[in-house]
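# only the shape, not the letters, is given here:
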(Lines give C-alpha, C1' and ligand atoms only; values in the text may rest on other atoms or scores of the structure.)
Protein backbone atom coordinates (compact mmCIF):
# COMPACT_ATOMS: atom_id res chain seq x y z
CA UNK A 1 0.00 0.00 0.00
CA UNK A 2 1.14 3.52 -0.83
CA UNK A 3 -1.61 5.50 0.88
CA UNK A 4 -4.56 5.17 3.27
CA UNK A 5 -7.66 3.36 2.03
CA UNK A 6 -11.10 2.87 3.53
CA UNK A 7 -11.48 -0.85 4.22
CA UNK A 8 -15.24 -0.72 3.59
CA UNK A 9 -14.58 0.53 0.07
CA UNK A 10 -12.69 -2.65 -0.84
CA UNK A 11 -15.15 -5.00 0.80
CA UNK A 12 -13.39 -5.66 4.12
CA UNK A 13 -15.89 -5.68 7.03
CA UNK A 14 -15.28 -3.69 10.18
CA UNK A 15 -12.75 -5.24 12.51
CA UNK A 16 -14.02 -6.24 15.94
CA UNK A 17 -13.56 -8.85 18.64
CA UNK A 18 -16.77 -10.66 17.76
CA UNK A 19 -15.76 -11.67 14.25
CA UNK A 20 -12.13 -12.17 15.35
CA UNK A 21 -10.87 -10.65 12.11
CA UNK A 22 -7.43 -9.26 11.40
CA UNK A 23 -6.02 -7.23 8.52
CA UNK A 24 -2.40 -7.50 7.43
CA UNK A 25 -0.94 -4.81 5.16
CA UNK A 26 2.51 -4.27 3.70
CA UNK A 27 4.00 -0.90 2.84
CA UNK A 28 7.31 0.87 2.39
CA UNK A 29 5.90 3.95 4.14
CA UNK A 30 5.56 4.13 7.91
CA UNK A 31 3.07 6.99 7.51
CA UNK A 32 0.63 4.55 5.88
CA UNK A 33 0.69 2.44 9.06
CA UNK A 34 -0.06 5.51 11.15
CA UNK A 35 -2.91 6.65 8.92
CA UNK A 36 -4.43 3.14 8.96
CA UNK A 37 -4.32 3.03 12.79
CA UNK A 38 -2.33 -0.22 12.85
CA UNK A 39 -1.96 -1.96 16.19
CA UNK A 40 1.41 -3.61 15.52
CA UNK A 41 4.16 -2.64 13.08
CA UNK A 42 6.76 -5.26 12.11
CA UNK A 43 9.87 -4.11 10.26
CA UNK A 44 10.95 -6.66 7.66
CA UNK A 45 14.74 -6.73 7.56
CA UNK A 46 16.88 -7.67 4.58
CA UNK A 47 17.77 -11.32 4.07
CA UNK A 48 20.76 -12.94 5.74
CA UNK A 49 23.57 -14.22 3.50
CA UNK A 50 22.25 -17.78 3.83
CA UNK A 51 18.64 -16.78 3.08
CA UNK A 52 19.73 -14.68 0.11
CA UNK A 53 21.73 -17.55 -1.37
CA UNK A 54 18.83 -20.01 -0.97
CA UNK A 55 16.41 -17.61 -2.67
CA UNK A 56 18.88 -17.01 -5.51
CA UNK A 57 19.41 -20.76 -5.99
CA UNK A 58 15.67 -21.24 -6.19
CA UNK A 59 15.31 -18.59 -8.90
CA UNK A 60 18.35 -19.55 -11.00
CA UNK A 61 18.15 -23.34 -10.79
CA UNK A 62 20.76 -26.06 -10.65
CA UNK A 63 23.11 -24.17 -12.97
CA UNK A 64 24.60 -22.46 -9.88
CA UNK A 65 26.14 -25.79 -8.88
CA UNK A 66 28.47 -25.53 -11.89
CA UNK A 67 31.94 -24.87 -10.38
CA UNK A 68 32.76 -22.28 -13.05
CA UNK A 69 29.59 -20.35 -12.28
CA UNK A 70 29.11 -20.77 -8.53
CA UNK A 71 31.67 -18.16 -7.43
CA UNK A 72 30.22 -15.64 -9.92
CA UNK A 73 26.72 -16.44 -8.64
CA UNK A 74 27.74 -15.85 -5.03
CA UNK A 75 29.29 -12.51 -5.97
CA UNK A 76 26.08 -11.58 -7.82
CA UNK A 77 24.06 -12.34 -4.69
CA UNK A 78 26.31 -10.06 -2.64
CA UNK A 79 25.62 -7.22 -5.07
CA UNK A 80 21.88 -7.58 -4.31
CA UNK A 81 22.63 -6.62 -0.68
CA UNK A 82 19.96 -8.84 0.84
CA UNK A 83 17.05 -7.14 -0.95
CA UNK A 84 14.57 -9.87 -1.95
CA UNK A 85 13.22 -7.97 -4.95
CA UNK A 86 16.74 -7.54 -6.37
CA UNK A 87 17.56 -11.21 -5.82
CA UNK A 88 14.35 -12.35 -7.51
CA UNK A 89 14.84 -10.11 -10.53
CA UNK A 90 18.56 -10.82 -10.98
CA UNK A 91 18.03 -14.54 -10.43
CA UNK A 92 15.15 -14.58 -12.90
CA UNK A 93 17.24 -12.85 -15.57
CA UNK A 94 19.96 -15.52 -15.19
CA UNK A 95 17.71 -18.56 -14.80
CA UNK A 96 19.29 -21.71 -16.29
CA UNK A 97 22.00 -19.56 -17.91
CA UNK A 98 25.06 -21.82 -18.47
CA UNK A 99 27.28 -19.36 -20.35
CA UNK A 100 30.08 -18.17 -18.05
CA UNK A 101 30.62 -15.01 -20.12
CA UNK A 102 26.99 -13.99 -19.62
CA UNK A 103 27.48 -14.38 -15.87
CA UNK A 104 30.67 -12.31 -15.94
CA UNK A 105 28.93 -9.54 -17.88
CA UNK A 106 25.97 -9.58 -15.48
CA UNK A 107 28.31 -9.25 -12.50
CA UNK A 108 30.13 -6.33 -14.13
CA UNK A 109 26.80 -4.60 -14.77
CA UNK A 110 25.67 -5.13 -11.18
CA UNK A 111 28.88 -3.54 -9.95
CA UNK A 112 28.29 -0.49 -12.18
CA UNK A 113 24.73 0.52 -11.24
CA UNK A 114 24.73 3.89 -12.93
CA UNK A 115 25.48 2.34 -16.33
CA UNK A 116 23.67 -0.98 -15.98
CA UNK A 117 22.19 -2.39 -19.17
CA UNK A 118 20.30 -5.24 -17.49
CA UNK A 119 16.78 -4.27 -18.54
CA UNK A 120 15.01 -6.40 -15.94
CA UNK A 121 16.83 -4.68 -13.06
CA UNK A 122 16.09 -1.22 -14.44
CA UNK A 123 12.44 -1.96 -15.08
CA UNK A 124 11.48 -4.20 -12.17
CA UNK A 125 13.68 -3.10 -9.28
CA UNK A 126 14.58 0.55 -9.68
CA UNK A 127 11.27 1.67 -11.08
CA UNK A 128 9.44 0.08 -8.16
CA UNK A 129 11.80 1.59 -5.63
CA UNK A 130 11.62 4.94 -7.42
CA UNK A 131 7.94 5.13 -6.56
CA UNK A 132 8.97 5.81 -2.95
CA UNK A 133 11.05 8.74 -4.21
CA UNK A 134 8.27 10.05 -6.47
CA UNK A 135 5.84 10.00 -3.54
CA UNK A 136 7.93 12.42 -1.45
CA UNK A 137 5.84 15.49 -0.84
CA UNK A 138 8.03 18.24 -2.35
CA UNK A 139 11.20 18.96 -4.31
CA UNK A 140 13.16 20.07 -1.24
CA UNK A 141 12.58 16.72 0.47
CA UNK A 142 13.63 14.96 -2.74
CA UNK A 143 16.81 17.05 -2.88
CA UNK A 144 17.53 16.22 0.77
CA UNK A 145 17.29 12.52 -0.06
CA UNK A 146 19.47 12.77 -3.17
CA UNK A 147 22.13 14.66 -1.19
CA UNK A 148 22.69 11.50 0.87
CA UNK A 149 24.08 9.74 -2.21
CA UNK A 150 27.12 12.05 -2.11
CA UNK A 151 28.41 10.06 0.85
CA UNK A 152 30.27 6.83 0.24
CA UNK A 153 28.59 3.43 0.37
CA UNK A 154 27.54 2.32 3.89
CA UNK A 155 28.63 5.69 5.32
CA UNK A 156 26.95 6.51 8.63
CA UNK A 157 25.88 10.14 8.23
CA UNK A 158 25.48 12.24 11.37
CA UNK A 159 22.02 13.80 11.27
CA UNK A 160 23.16 17.19 12.60
CA UNK A 161 25.89 17.38 9.96
CA UNK A 162 23.42 16.46 7.23
CA UNK A 163 20.98 19.15 8.37
CA UNK A 164 23.76 21.76 8.29
CA UNK A 165 24.51 20.78 4.69
CA UNK A 166 20.82 21.04 3.81
CA UNK A 167 20.73 24.53 5.35
CA UNK A 168 23.80 25.54 3.36
CA UNK A 169 22.19 24.25 0.17
CA UNK A 170 19.00 26.21 0.86
CA UNK A 171 16.80 23.11 1.05
CA UNK A 172 15.63 24.28 4.50
CA UNK A 173 15.87 27.71 6.06
CA UNK A 174 14.39 29.99 8.67
CA UNK A 175 14.33 29.90 12.46
CA UNK A 176 12.82 26.40 12.52
CA UNK A 177 15.31 24.87 10.08
CA UNK A 178 16.81 22.47 12.62
CA UNK A 179 13.42 21.05 13.63
CA UNK A 180 12.32 20.90 9.99
CA UNK A 181 15.51 19.01 9.14
CA UNK A 182 14.73 16.37 11.74
CA UNK A 183 11.17 16.12 10.39
CA UNK A 184 12.56 15.48 6.89
CA UNK A 185 14.93 12.82 8.24
CA UNK A 186 12.01 11.07 9.94
CA UNK A 187 10.00 11.35 6.73
CA UNK A 188 12.79 9.71 4.73
CA UNK A 189 13.18 6.95 7.33
CA UNK A 190 9.42 6.41 7.24
CA UNK A 191 9.57 6.10 3.44
CA UNK A 192 12.36 3.47 3.76
CA UNK A 193 14.78 5.75 1.87
CA UNK A 194 17.03 6.30 4.90
CA UNK A 195 17.91 3.76 7.58
CA UNK A 196 18.25 4.82 11.20
CA UNK A 197 21.62 4.08 12.83
CA UNK A 198 21.18 4.38 16.58
CA UNK A 199 19.84 7.81 17.55
CA UNK A 200 22.18 10.26 15.84
CA UNK A 201 22.97 8.91 12.38
CA UNK A 202 21.39 7.56 9.22
CA UNK A 203 22.63 5.62 6.21
CA UNK A 204 21.35 4.64 2.78
CA UNK A 205 20.86 1.02 1.77
CA UNK A 206 23.22 0.29 -1.12
CA UNK A 207 20.38 -0.35 -3.57
CA UNK A 208 18.59 2.86 -2.51
CA UNK A 209 21.86 4.78 -2.98
CA UNK A 210 22.17 3.24 -6.45
CA UNK A 211 18.66 4.52 -7.16
CA UNK A 212 19.68 8.06 -6.15
CA UNK A 213 22.79 7.87 -8.34
CA UNK A 214 20.70 6.78 -11.30
CA UNK A 215 18.35 9.72 -10.80
CA UNK A 216 21.32 12.13 -10.68
CA UNK A 217 23.33 10.56 -13.51
CA UNK A 218 23.80 12.50 -16.77
CA UNK A 219 20.86 10.56 -18.27
CA UNK A 220 18.69 10.83 -15.14
CA UNK A 221 15.90 13.27 -14.41
CA UNK A 222 17.49 15.04 -11.42
CA UNK A 223 20.36 17.49 -11.18
CA UNK A 224 23.66 16.00 -12.24
CA UNK A 225 26.04 14.49 -9.72
CA UNK A 226 29.59 13.25 -10.14
CA UNK A 227 30.16 10.79 -7.31
CA UNK A 228 33.38 8.85 -6.76
CA UNK A 229 33.16 8.69 -2.98
CA UNK A 230 34.93 5.93 -1.07
CA UNK A 231 36.12 3.96 -4.09
CA UNK A 232 39.86 4.24 -3.42
CA UNK A 233 40.82 6.40 -6.40
CA UNK A 234 44.20 8.14 -6.36
CA UNK A 235 43.61 10.28 -9.48
CA UNK A 236 40.74 12.76 -9.94
CA UNK A 237 38.11 12.32 -12.70
CA UNK A 238 38.96 13.72 -16.10
CA UNK A 239 38.28 17.45 -16.45
CA UNK A 240 35.62 16.69 -19.07
CA UNK A 241 33.57 14.92 -16.39
CA UNK A 242 33.50 18.05 -14.21
CA UNK A 243 31.55 20.05 -16.80
CA UNK A 244 27.82 20.71 -16.33
CA UNK A 245 27.55 18.93 -12.97
CA UNK A 246 25.98 20.56 -9.94
CA UNK A 247 27.40 18.40 -7.15
CA UNK A 248 30.68 16.50 -6.89
CA UNK A 249 31.80 14.12 -4.16
CA UNK A 250 35.34 12.73 -4.10
CA UNK A 251 35.41 12.16 -0.34
CA UNK A 252 37.08 9.22 1.41
CA UNK A 253 39.63 8.43 -1.28
CA UNK A 254 43.41 8.57 -1.78
CA UNK A 255 43.62 11.73 -3.87
CA UNK A 256 46.83 13.72 -3.65
CA UNK A 257 46.16 16.33 -6.34
CA UNK A 258 43.35 17.98 -8.33
CA UNK A 259 43.06 19.45 -11.86
CA UNK A 260 44.59 22.93 -12.17
CA UNK A 261 41.40 24.75 -13.24
CA UNK A 262 38.38 22.58 -14.12
CA UNK A 263 35.49 24.36 -15.85
CA UNK A 264 32.31 23.71 -13.89
CA UNK A 265 30.29 26.96 -13.68
CA UNK A 266 27.16 25.14 -12.41
CA UNK A 267 28.89 23.46 -9.49
CA UNK A 268 27.14 24.11 -6.16
CA UNK A 269 28.63 21.42 -3.89
CA UNK A 270 32.11 19.91 -3.65
CA UNK A 271 33.02 17.28 -1.03
CA UNK A 272 36.72 16.47 -0.72
CA UNK A 273 37.10 15.45 2.94
CA UNK A 274 39.24 12.48 4.04
CA UNK A 275 41.82 12.75 1.26
CA UNK A 276 45.20 13.28 2.89
CA UNK A 277 47.49 14.88 1.99
CA UNK A 278 45.56 16.69 -0.78
CA UNK A 279 47.13 19.60 -2.67
CA UNK A 280 44.69 22.11 -4.16
CA UNK A 281 46.12 24.31 -6.97
CA UNK A 282 45.79 28.09 -6.53
CA UNK A 283 43.77 28.32 -9.78
CA UNK A 284 41.47 25.41 -8.90
CA UNK A 285 38.39 27.53 -8.10
CA UNK A 286 38.73 30.00 -11.01
CA UNK A 287 35.80 28.53 -13.00
CA UNK A 288 33.47 27.66 -10.14
CA UNK A 289 31.48 30.85 -9.81
CA UNK A 290 28.40 29.16 -8.36
CA UNK A 291 30.19 27.11 -5.68
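Received, thanks. The structure displayed is predicted, hence computed values, not measured ones.
# show me where the protein has strands.
Assignment of strands within the chain using DSSP state E yields the ranges 157-158, 195-197, 201-203, 225-227, 247-249, 269-271.
# from memory residue 225 sits against residue 242, does it?
No. Using Cβ atoms under 8 Å, residue 225 is not in contact with residue 242; the gap is 11.8 Å. C-betas here are computed from N, CA, C, even on glycine.
# so for those two, which residues contact both of them?
Common neighbours of residue 225 and residue 242 (criterion: Cβ atoms under 8 Å, 6 or more residues apart in numbering): residue 248.
# these two: who's more crowded?
residue 225 (23 against 20; other Cβ atoms under 10 Å).
# which strand residues bridge the more buried one?
residue 247 (DSSP bridges).
# ok, it - contacts?
146, 149, 150, 213, 216, 217, 245, 246, 247, 248, 249.
# repeat that for residue 229.
By Cβ under 8 Å, 6+ apart, the contact list for residue 229 reads 150, 151, 152, 153, 155, 249, 250, 251, 252, 253, 271.
# do residue 251 as well
Residue 251 makes contact with 150, 151, 152, 229, 230, 271, 272, 273, 274, 275, according to Cβ under 8 Å, 6+ apart.
# from residue 71, how far out is the fourth one?
So the one you mean is residue 229. Plainly put, residue 229 is 28 Å away from residue 71 if you go by Cβ to Cβ, to the nearest Å.
# likewise for the fifth one?
As for residue 230, its distance to residue 71 is 25 Å (criterion: Cβ to Cβ).
# so for those two, which residue has more residues nearby?
Set side by side, residue 230 and residue 71 show more neighbours around residue 230, with 17 against 11, by other Cβ under 10 Å.
# which residues touch the residue nearest to that one when sequence neighbours are not counted?
What sits nearest to residue 230 in space, not counting adjacent residues and going by Cβ to Cβ, 6 or more residues apart in numbering, is residue 152, at 2.5 Å. The contact partners of residue 152, by Cβ under 8 Å, 6+ apart, come to 229, 230, 231, 249, 251, 252.
# over to residue 184?
140, 141, 144, 166, 172.
# do you know how far the residue nearest to residue 230 is from residue 213?
Separation of residue 152 from residue 213 (Cβ to Cβ): 12 Å.
# residue 205 now?
From residue 205 to residue 213 the distance is 13 Å (Cβ to Cβ).
# quick one: the helices in the stretch 151-291 of the chain?
Under the criterion DSSP state H, counting those that start in this stretch, the stretch 151-291 of the chain contains helices at 159-169, 177-190, 206-215, 239-242.
# so which of those gets nearest residue 78?
Residue 78 lies closest to helix 206-215 among the helices of the stretch 151-291 of the chain, at 10.1 Å (Cβ to Cβ).
# poorly predicted segments of the stretch 101-250 of the chain, please.
112-125, 127-128, 131, 218-222 (pLDDT under 70).
# the strands of the chain: which one's closest to residue 21?
Per Cβ to Cβ, nearest to residue 21 of the strands of the chain: strand 195-197, 32.5 Å.
# ok, residues contacting the closest one?
Contacts of strand 195-197 with the rest of the structure, by Cβ under 8 Å, 6+ apart, involve 156, 189, 202, 203, 204, 205.
# tell me the buried residues within those.
Neighbour counting by 16 or more other Cβ atoms under 10 Å classes 202, 203, 204, 205 among the contacts of strand 195-197 as buried.
# now do the same contact list for the closest residue to the third one other than its chain neighbours.
In this case it means residue 204. Among residues not flanking residue 204 along the chain, residue 148 sits closest, at 5.1 Å (Cβ to Cβ, 6+ apart). By Cβ under 8 Å, 6+ apart, the contact list for residue 148 reads 157, 162, 194, 202, 204, 209, 212.
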